[in-house]
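> please find the sequence and the predicted model below.
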Amino acid sequence: MTVPLIPADPEPLRRLYGEFPGLDEFRLRSINIDRAGPSLTLRIDLLDFPGHPPEEWVANQCDVVQCHIHFLAVDQLALEEWNPPTRARLTTTPTAEPRMIDVSVRGPGVSLDFQSHEQVTIRHISGFRMAPDGSDEVPHQFLSKLDAHRFSTIPRTYEKTFYAR
């Protein structure tokens with residue numbers, strides 16, 4: 001039985017889309033593992049663009065929404081294939097342990113499995129115009145005022161204040 005992800009704060013994405021968008025299929029850009037957490041962050045592009053994006057996204061001709069899905073209490077991690085970016089499908093199933101889920105991310109170029117707490121955090125939501133080569137190394141318009149003040153593009157995965165907070 002597949003179970004949906006439970007976001008700690010669904011409102012930012014809900015405000016963009018009118019309802020909370022499905023997170024079961026996306027373009028996977030990066031995986032960041034924090035063993036001190038232990039936590040794992042997926043940086044993803046949502047496949048659908050909102051019908052009524054923020055004005056600055058329209059002004060900057062954004063056509064993609066990107067965000068992080070942050071998983072806590074990560075255990076039993078197995079990454080068998082990794083060739084980003086790739087379109088991926090995320091499935092979650094309950095475990096025998098309360099409030100824990102088994103997570104599987106599969107697609108051409110990715111095979112990732114782990115166990116996690118059922119509640120996730122959606123962070124660092126941004127809009128951008130994808131480069132002709134499919135790259136996201138272009139200016140981003142962040143929803144969070146703090147992110148917008150600190151970053152104009154996506155920082156490298158070793159930037160702990162972006163990936164591990």
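Looks like it came in fine.
> pLDDT wise, what is the residue of the chain most remote from its centre at?
Most distant from the centre of the chain: Ala96, at 25.9 Å, with distances by Cα atoms, centre = their mean. Listed pLDDT for Ala96 reads 93.
> separation between it and Asp102?
According to Cβ to Cβ, to the nearest Å, Ala96 and Asp102 sit 10 Å apart. C-beta: built from backbone N, CA, C; applies to glycine.
> what does Ala88 give?
16 Å.
> who has more neighbours out of the two?
Taking neighbours as other Cβ atoms under 10 Å, Ala88 and Asp102 compare with Ala88 leading, 22 against 15.
> my guess is the more buried one contacts Val105. True?
Yes - applying Cβ atoms under 8 Å, one finds Ala88 in contact with Val105, separated by 5.2 Å.
> what touches both of the two?
The contact sets of Ala88 and Val105 overlap at Leu28 (Cβ atoms under 8 Å, 6 or more residues apart in numbering).
> contacting residues for Asp147?
Here Asp147 is in contact with His124, Ser126, Phe162 (criterion: Cβ under 8 Å, 6+ apart).
> and the helix or strand in which the first one is found, what does it pack against?
Okay, so that is His124. Secondary structure from DSSP states H and E places His124 in strand 119-128. The helices and strands touching strand 119-128, judged by 3 or more Cβ pairs under 8 Å, 6 or more residues apart in numbering; DSSP states H and E, are strand 6-7, helix 11-17, strand 64-72, strand 140-142.
> name the residues of it that are buried.
Val120, Ile122, Arg123, His124, Ile125, Ser126, Gly127, Phe128 (16 or more other Cβ atoms under 10 Å).
> just checking, Thr8 touches Thr121?
One correction, residue 8 is Ala, not Thr. Yes - the pair Ala8 and Thr121 passes the contact test of Cβ under 8 Å, sitting 4.9 Å apart.
> so who does the residue farthest from the centre of the chain touch?
By Cβ under 8 Å, 6+ apart, Ala96 has no neighbours at all.
> can you verify it is assigned to a strand?
No - with DSSP: H, G, I helix; E, B strand; the rest coil as the criterion, Ala96 is assigned coil and is not in a strand.
> what about the strands in the protein?
6-7, 25-34, 39-46, 64-72, 75-82, 86-94, 100-107, 110-117, 119-128, 140-142 (DSSP state E).
> how many other residues sit next to Pro84?
Counted by other Cβ under 10 Å, the residues lying close to Pro84 total 14.
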